[in-house]
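Asker: coords please:
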Amino acid sequence: MSQRPSSISSSHSRLNSGLNSPAKKFFAAQIPSCVQTNKDSSSNNTDEWTYKSNRRSSISFSQIWVQGIVVLVSTDGNDMLIDDGTGIVYVTGLIKLVKNILISKGMYVMVAGQLKSTGSSSTPQSDQPYPTIRILKFSDLSKNLSTEALWMLEVVDAQMNDRKTNA
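Answerer: Numbers count the residues shown, from 1 in each chain. Predicted coordinates for the structure are as follows:
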């Protein structure tokens, strides 16, 4: 059995660690304050990001989780805009991932994936005015009436716990 060159195995382990780490919960309004801390130049694109809420604490992540109401679906069905009540997020890559679900305006959805741009001038690689997420996980939460009401509390609680563990 031959061994992999170290560059391949280290790249593979970075991909696995990035994709295996849990997605961090954010409000759309917080995403423009995120800063890309490590751009993976390989095709895996497991970028690392940091959100600093104040000088003492920060949250590092490679995957992001947002929930909101679908306000627009592209004609080809690959992209959508969701509104979480604090802002709008652009989500792309739906065709490859979401099967057997017709996504429509007004649905309440959960999206987890990789942040590709913050929608601010700090990430000029995107012409999109909204934060952009490449989807890795999708769930239709429309039938769970309490999920929308609890989302704000979930984000606050998760971020408080993340700050405690990072402090």
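Asker: What separation do you get for the residue nearest to Val98 when sequence neighbours are not counted and Gln67?
Answerer: In this structure, Val98 finds its nearest non-sequential neighbour in Phe138, 5.0 Å apart by C-beta to C-beta, 6 or more residues apart in numbering. For glycine as for every other residue, the C-beta is placed from the backbone atoms N, C-alpha and C. To Gln67, Phe138 is 11 Å away according to C-beta to C-beta, to the nearest Å.
Asker: Comparing these two, which residue is more hemmed in?
Answerer: More crowded of Phe138 and Gln67, by other C-beta atoms under 10 Å: Gln67, with 25 against 19.
Asker: Thought Val109 was touching the more buried one, still the case?
Answerer: Yes: between Gln67 and Val109 a contact is recorded at 6.8 Å, counting by C-beta atoms under 8 Å.
Asker: any residues in contact with both of those two?
Answerer: Ile82, Leu141 (C-beta atoms under 8 Å, 6 or more residues apart in numbering).
Asker: Per-residue pLDDT of Ser13, please?
Answerer: Listed pLDDT for Ser13 reads 41.
Asker: Met107 now?
Answerer: 97.
Asker: That one contacts Val70, doesn't it?
Answerer: Yes: in this structure, Met107 is within contact of Val70 by C-beta under 8 Å, at 4.7 Å.
Asker: Sweet, I'm off.
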